[in-house]
Each structure stands twice: as C-alpha cells, then as structure tokens.
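*Asks:* Got a predicted model here, sequence first, then my questions.
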Amino acid sequence: MSGGETSVSEADGNGGIMGQQKNLEGYVGFANLPNQVYRKSVKRGFEFTLMVVGESGLGKSTLINSLFLTDLYSPEYPGPSHRIKKTVQVEQSKVLVKEGGVHLLLTIVDTPGFGDAVDNSNCWQPVIDYIDSKFEDYLNAESRVNRRQMPDSRVQCCLYFIAPSGHGLKPLDIEFMKRLHEKVNIIPLIAKADTMTPEECQQFKKQIMKEIQEHKIKIYEFPETEDEEEMKMVRKIKDRLPLAVVGSNTIIEVNGKRVRGRQYPWGVAEVENGEHCDFTILRNMLIRTHMQDLKDVTNNVHYENYRSRKLAAVTYNGVDNNKNKGQLTKPDTAEGMSPLAQMEEERRDHVAKMKKMEQEMEQVFEMKVKEKLQKLRDSEVELQRRHEQMKKNLEAQHKELEEKRRQHEEEKASWEAQQRILEQQKLDASRTLEKNKKKKIF
Amino acid sequence: MAATDVDVFSNEEKRNLSLGGHVGFDSLPDQLVSKSVTQGFCFNILCVGETGIGKSTLMNTLFNTMFENEEASHYQNGVYLRPRTYDLQESNVHLKLTIVDTVGFGDQINKEDSYKPIVDYIDTQFENYLQEELKIKRSLFNYHDTRIHICLYFIAPTGHSLKSLDLVTMKKLDSKVNIIPIIAKADTISKSELHKFKIKIMSELVSNGVQIYQFPTDDEAVSEINASMNAHLPFAVVGSVEEVKVGNKTVRARQYPWGVVQVENESHCDFVKLREMLIRVNMEDLREQTHARHYELYRRCKLEEMGFKDTDPDSQPFSLQETYEAKRKEFLGDLQRKEEEMRQMFVNKVKETEAELKEKERELHDKFEQLKRMHQEEKRKVEEKRRDLEEEMNAFNRKKVAAETLSLSQPLKKDKDKKN
C-alpha cells in the first residue's frame, strides 16, 4: 500500500543509476547552479592546511613567504630553523588572508628539529602522530550525535624539502616519504635550486624520480582531466617533477622591474622566472589550480583510509571478543558494513539463533512430557486391568462360596427335614407304643 | 564534506596578513565550482497533492520537457510514492533530477494515514544516506543522493482555506523536508480572491506552527529578491505545456473562451517567481538545508534512538572508538543475558513439569495402593467366610454322622417291639 515503487529509478548508492536522458526545450535555469555554489563558497570562506618538512636551513620559511607574498614568517614569528628544539616538534600557525573577496584561513604546519639531530631515527613519528591526531579529531567530530560545525584541520598538503646535494635522495628522505605517502599528499621539492646548474638539476630530478619509483613512493598525482589544455599543463608539470624552487624575501630591481630574487655577484636568480626555477609552476599548481583537488584527495582518500582502518579495528576487536561465527570475523564482511549495521546483523542473527534454540528446547521438552504422560497412562491402564482382574477373581470366589453355601444349606435343610420326619416318626412310634403299652395292661 | 566555518578557531590566534601581490587563491571558488560541475549535480523534488491537481503538468512546465506520466486513477488503495530520475543538461551543467510523485494522495475515504508513506519515503532516503555514511568503506563523494531537497505542496484552489489533510500532512513534513506551498490551478481564482486566500493560508500555517521554507536573506547578493519573494508565498501557479500564439509570440498558455492565461506572465500567475526561486536562485541553498538541517536532525534522532550519546564536552573528548566498543560490549552482554534468561526459564519449566508429573505418578500409586488394600480386605473376608462355611460343613457332617449312628441302633428296638 505504501512505499516507493521499485522501478529503474531507485538509487543503489553507487554512483547512482542512469536516469532517462531528457532534452530541454527551453531555458530552465539550473545552469545557474554553479554560480549559486560559487556565491555560497565565497560566503563560507576557505581553509587550507599546508605542512612543510625538511632539515633546517633549506629555505622553507622563505619559500612560504614567497608563495603567499606575505610575511608569514618574520622576526616576530620565526621560521622552524630558528626554533630548533631538542626533539622534533610539530607546530602550526594560522593566518587569515584575503584576495578578491575570497577569504582563506591558511594553517602552516612546520616541524622544527626534523632531520637535525645526530640520530634521526623516528623523527617522522611526531609528524605521523600529528596527522593522525588531526584525522582523529575530524573523525570524532564527524561521529558526534550533535554535530554542528566540523572544523577541518586535516593536513591537506605536505611540501617535502630535499637538500640539493645533486646526487640522490637521502635515506631519511626515503624513510619519511614511505611512511607518509598514504597519509598525506606529498609534494617533494628540491630546495635552494639556485645552487645547481640546469643540467645538474635535470640529472638530480631524474635520479630522484627513479628512486621514488623504486621505493614505490606515492607522491601527489595530478588528476586526469578531460580538458585538453589542462592535460597539456599537467603533462608539463609532470615532466618537471620534483619541482626545484628558490625563495626570496627581498625585492630587487632587474631591468627596471621589481622582482623577488636573490642577488649574487654574478647576477640575480629570479624567483618567478620560469627559466631560473620551478617556483611559478609550484605556486600555480599548489594555489591557483590544484588547491581544491588537494583538499578533495585528502578528504576522499587519505582520510577515508584512516577512517576505515580505525573503524575496522573497532569492529574486528569487538567481534573477536565474542564467541564468533565464522562469517563475522571475515574482514571483507566487516568492510562493507558500518559497525552499527554489523551490530544490527549480529542482533538479528542472535534473535534467529535464540528462536531456533527455543524451538528445539520446546520440542525436546514436549516430547519428553509426552513420553512421560504416555508411560503414566500405560501404567494406569495396566494397574486398572489388574484391579479388574483381581475384582473378577474375588467375585468368582464369592460366587463359588455362595454356591457351596447354598448347596450346604440345601443339604442341611433336606437332612434336617428328613431328621424331623424321622423324629416325628419316632415320636409317633413311641407314642403309639406307649398307647399300646397302656392298652396291654388292662 | 566539512561545513567549514572560518570563525570556528576563535580560541586560536589568527593573524590577519596582507598580501604583497597577487597570490592567486582567489581562484579557489572557481576550482570548487569546476569540480562540482565535473561531478554533476543532483536534485530531488517531491510533489505532494491530490490526484489531478496538476503536479505532472507543473513539472513539465518548470523543466520545459515532457516527463512521461500516465494519469493516475482515483482508485488507489493507499498513497504510494513513485520516484523517477532524469538526466538533464543545460550548457555545461549536468543535473540528475528525481521527481517523486505521490500517487493516490487525497483519494481515499479515510485519509488518516495518508501522510505515512510520504514520511516513510523521506526517512528511507535519509536512512540510506546515513547507512552509507556509517559504513566502514564508504564512497560518499560519488553517492547518488536521493534525499528530498524540496517538497512542493499543492494546495487546491478552493479560495477558502487549507484542508485539514493539508495541515496534518504539512505539519508532519515540516521538520523533515523543505516545504514550499503552492496554490495549484491558480487560473480558477480571481486576483482579489487570491489575495485573501494567500493571507488565509499563511495565517493558518503560522497558527498551526507549520514551518515552511524561507528563502534565505543572509547573503547580500540575493537577500533582497529572496525577501520580496517570501512575501508572495504561497505561489499561485498555472502549468501548461501547450503553446498558444499571443500577439506575434508563441507562449505557453491555457486557452479559454474568455482569454489566454499565460504561464510566464507575472501578472497572470506566480510561475516565474517559483521558477526563479526554486531553480535559479536557491537550488543550492535547498540542497544545503536538506543536508545541514533536516538530515542532521534525522541522524541525531536515529543515533539517540540507538543509544548513542555525546559525552560531556567538559570531560574526556568524544572518542568514536570507545563508544562503539562500549556499545558493543553492552550489546553482547545483553544478548548473553537474554540467552541465559531463556535457558533459565526452560530449566524452571522442566522442573515444574517434572514435579507435576511426579505428583501425578504418586497419586496414581496411592490410588492403586488403596485398591490393593481393598482387595486384600475383601480377600480376607472371603477367606473368613470360607472357613466359616467349612467349619459349618464339618459340624454338620459330624452331626450327620452322629445322627446316623444313632438311628442305626434305634430301628432294632422298634422291630423288637413290633414282634411282640
């Protein structure tokens, strides 16, 4: 009587179903949707969390300042290299910047002390812990019953600074990237690229990419796009990975133009000159074209991985503690369901099991009772029969006795009757004799 | 997807910095838009109204296309919902539109339960989304969202007031879905009647506490137009897919002997206003409200029903894992207890029945013991009687013998006497 009609148009939750194609015969107006989305997003404002990791002195702070054209790091807010602690710290600073009506809350996370100790074993651990804790915060916020705002402090991009040795990756570089490539988007950068000639740089890049592939490190991948123009640009970027960057806090005049650069006796290395370094490519990619994608990949891939691992652990442990049926401990069953759904299923299974158990016990019980009752009835019947038998016997005896008595009585009666006649006769005879005797005397 | 709010981090220091040049993140909204365009949009409309009130025609008119629809009969046993999904495209925007029709609404004699299938359908879509959201391995970003974004409630153009069915239904729906009430077949009401009708409807809605969708006025870009439109609710609409030549133009209209009602003429009806508000200005807001308000309410109620609570924010931070584990332990303990209870009940039952049966057995034995004793008694009596009889018989025999010996001697004397 009620409910949706099960037709082709029911959603199956997996990318949805193909609806019927309909051609519009006039302007409807939902082409305006993107504008609505635009308007709302501007009103909401944007956030981005960027992490910079690398040994001290590689120019991380300078690069950040150059990227965002602002004094994020300054004497009042010194960069990580100036804040070296005994152990690796993970610290963040938030800045609000505005451009063209768009508000951006930028969180820069840096790691003072990274790679600077003599023994750098596990110096990546604080970084991993930090990223995981941000995932956990988000997971908890997302899982609340009452969730109003969900602040997103997840790390959306990690710029990893490689020292320009010219030879290859250091063991620390490889270790770090291997441990973090499945938690965060890693963009490896060659720092202080102005210490290498273009040929050296080219060689260095080749070597690094080779090593990255060898160690199966997954650095951030640019998404495929259908747009030809975009694909061309993406391919261009891919060819130049890892990007070799130069940063600068100073503005120098070159040929009448004011540019950011580093002044050397032999010339000026311009930060924004594409022939000097890949800084412009980095900025375009990171900020102007792929910032949203970095956020999406963090949300849809890295966070989801974290979440499913975390939740699978919960349900797996939970199931383990209980006496388990084979199917529930198989991880692939647990994967497809939410823990709530799994509990529901367990509950249903249990109810079914209880019902069956109840039925079985009921059956056994009934059977036993029937048996016993039957036995009782049988013995009753038996006893009854014996009683009847005994009664019959007794009656027979009674009858026999009665018969005997009757006979005896009869006999006795007849004999007594006879006796009486005899007695009478005797009496008569004796009387007659008496009479005669008397007669004879006369 | 996080509903990010810049003001959330008020407890942390946020520096305002000025930029020394063009950085380029002002393209962020464009990046976001281009992503969502690539993904495509989806929109789900629920049309609630009596059979024949013009739901299908209005949809066809709104979207400028002929969605196929058989006319519904008036003889449905109950209300059922019929969703149909269409893929539409306008310039580069793909829209997956689902139109859900309420078939049989208002046709039954007893309409007490008419709202139920509608509420159930809406809840089911929320439930499906919630289940997906709670899955361990989930793919929300390409999930086909079937949650109803807007409910167009068609009011019959009686000219007087809302029917009680309308009030009851809208009251049941207002916390679950965005409702825009519209007056259907508005070409049967005159302007003055319409004005009075609208006022009456709105006041009835207010006095019954029905919360209809308000076009948002917090965004300066659209606050003015939204505010003015809010005052025109409910929209009086006319739908038509037929084209009529008016002057030198061909417009969609309804041709009457006394004139032509033009659908897109704002002085004839509010169709243009509806289209403007529903599609061109507030479609995204409707989607957002559905997700942020109605869905969250459903989710909260559902989770609370299942026993989930947020821990006190002052104490330990909420940990999903702990809650799940605790819940699970509780749940398993519960199941264990139920099993025990059932077993115990059976044990008791068995004990009881055993006792009963033993009692019966004992009674039976007692009965037969008694009978046995009776028999013994009888037997004894019979034996006694037999002995008595035997004694008697013996005595009699002795007597007989004695008498016979006596009589043997007697007859001699008599004979002797006779000889004399």
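*Replies:* Thanks, I have it. Residues are numbered from 1 along each chain as shown, chains lettered A, B, ... in the order given.

*Asks:* tell me the contacts of B:Ser91?
*Replies:* A:Ala31 (CB atoms under 8 Å, 6 or more residues apart in numbering or on different chains). Any C-beta I mention is one placed from the backbone N, CA and C, and that applies to glycine too.

*Asks:* Give me the phi and psi for it.
*Replies:* Main-chain torsions, B:Ser91, degrees, to the nearest 10: phi 50, psi -120.

*Asks:* same thing with A:Lys85?
*Replies:* The phi/psi pair for A:Lys85 (degrees, to the nearest 10) is phi -110, psi 180.

*Asks:* how about the nearest residue to it, chain neighbours excluded?
*Replies:* A:Gly113 (5.2 Å; CB to CB, 6 or more residues apart in numbering or on different chains).

*Asks:* A:Val254 versus the one you found, what's the distance?
*Replies:* Remark: distance between A:Gly113 and A:Val254 (CB to CB, to the nearest Å) = 37 Å.

*Asks:* quick one: which of these two has more around it?
*Replies:* A:Gly113 (22 against 14; other CB atoms under 10 Å in any protein chain shown).

*Asks:* and the helix or strand hosting A:Glu388, what does it pack onto?
*Replies:* Assigned by DSSP states H and E, A:Glu388 belongs to helix A:339-441. Packing partners of helix A:339-441 (3 or more CB pairs under 8 Å, 6 or more residues apart in numbering or on different chains; DSSP states H and E): helix A:303-321, helix B:115-134, helix B:320-419.

*Asks:* Now do the shortest one, average pLDDT.
*Replies:* Computed over helix A:303-321, the mean pLDDT rounds to 71.

*Asks:* contacting residues for B:Phe346?
*Replies:* A:361, A:365.

*Asks:* let's see it at 6 Å
*Replies:* Neighbouring residues of B:Phe346 by CB atoms under 6 Å, 6 or more residues apart in numbering or on different chains: A:Met361.

*Asks:* I'd like the distance from it to B:Glu340, if you could.
*Replies:* With CB to CB as the criterion, B:Phe346 and B:Glu340 are 11 Å apart.

*Asks:* coming back round to it: so can I have TSV of the helices and strands packed on helix A:339-441 showing distance to A:Lys43?
*Replies:* Output for the helices and strands packed on helix A:339-441, formatted as TSV (distance: least, CB to CB, whole Å):
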stretch	distance to A:Lys43
helix A:303-321	25
helix B:115-134	25
helix B:320-419	31
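
*Asks:* Tell me where the chain has strands.
*Replies:* I went with chain A, as the question did not name one. A:20-21, A:46-53, A:91-99, A:102-110, A:157-162, A:186-190, A:243-244, A:251-254, A:257-264, A:267-270 (DSSP state E).

*Asks:* actually chain B
*Replies:* B:14-16, B:41-48, B:80-90, B:93-103, B:150-155, B:179-183, B:235-236, B:243-246, B:249-256, B:259-262.

*Asks:* elements contacting the fourth one?
*Replies:* Under the contact criterion of 3 or more CB pairs under 6 Å, 6 or more residues apart in numbering or on different chains; DSSP states H and E, the helices and strands touching strand B:93-103 comprise strand B:41-48, strand B:80-90.

*Asks:* Each with direction, which strands does the shortest one pair with?
*Replies:* Using DSSP bridges, the strands paired with strand B:41-48 are strand B:93-103 (parallel), strand B:150-155 (parallel).
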